[in-house]
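Student: no sequence on hand, only this structure:
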């Protein structure tokens, strides 16, 4: 499945643009795991390593990591750079639903 096919789904897709060398990304990772456990099939969470996917990072103008984006039906519904708490992400995903 391509990235485009993934973000075109009818449910919210949370994309985490990260890098292995990024300290804040290491903080965000466990929060996303916690979020997935809480929300289950209500959301898909995808991690994109910007060093391995430079074209995709450039396409979405990712300038800093972590950058989190929520897609639904192929559209960007929300975007934020920096560490973002799991409970706030859950609220956003439920609103976008």
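Tutor: Sure thing, it's come through. Just so it is clear, the model here is predicted, and its values are computed rather than measured.
Student: which strand residues bridge residue 70?
Tutor: Beta-bridge pairing for residue 70 (DSSP bridges): residue 14, residue 78.
Student: and it, how many neighbours?
Tutor: Using other Cβ atoms under 10 Å, residue 70 has 21 neighbouring residues. To be clear about C-beta, it is placed using only N, CA and C from the backbone, and glycine gets the same treatment.
Student: which residues does the strand or helix carrying residue 37 contact?
Tutor: Taking DSSP states H and E as the criterion, residue 37 maps to helix 23-39. Helix 23-39 has contacts (Cβ atoms under 8 Å, 6 or more residues apart in numbering) with 14, 16, 18-19, 43, 45, 47, 65-66, 68, 82-86, 89-90, 93.
Student: quick one: the helices in the chain?
Tutor: Assigned by DSSP state H, the chain shows helices spanning 3-7, 23-39, 54-59, 86-96.
Student: now for those helices, which one comes closest to residue 75?
Tutor: Of all the helices of the chain, helix 3-7 sits nearest to residue 75, with 8.4 Å by Cβ to Cβ.
Student: re the thing from before, what subset of the contacts of helix 23-39 is buried?
Tutor: 14, 16, 18-19, 43, 45, 65-66, 68, 84, 86, 89-90, 93 (16 or more other Cβ atoms under 10 Å).
Student: let me know the outermost residue of the protein.
Tutor: Distance to the chain centre peaks in the chain at residue 21, reaching 17.7 Å (criterion: Cα atoms, centre = their mean).
Student: I'd like the distance between that one and residue 9.
Tutor: In this view, residue 21 and residue 9 are 30 Å apart by Cβ to Cβ, to the nearest Å.
Student: next one: residue 95
Tutor: 17 Å.
Student: okay, those two: which has more neighbours?
Tutor: Remark: of residue 95 and residue 9, residue 9 carries more neighbours, 14 against 11, as counted by other Cβ under 10 Å.
Student: alright, calling it a day.
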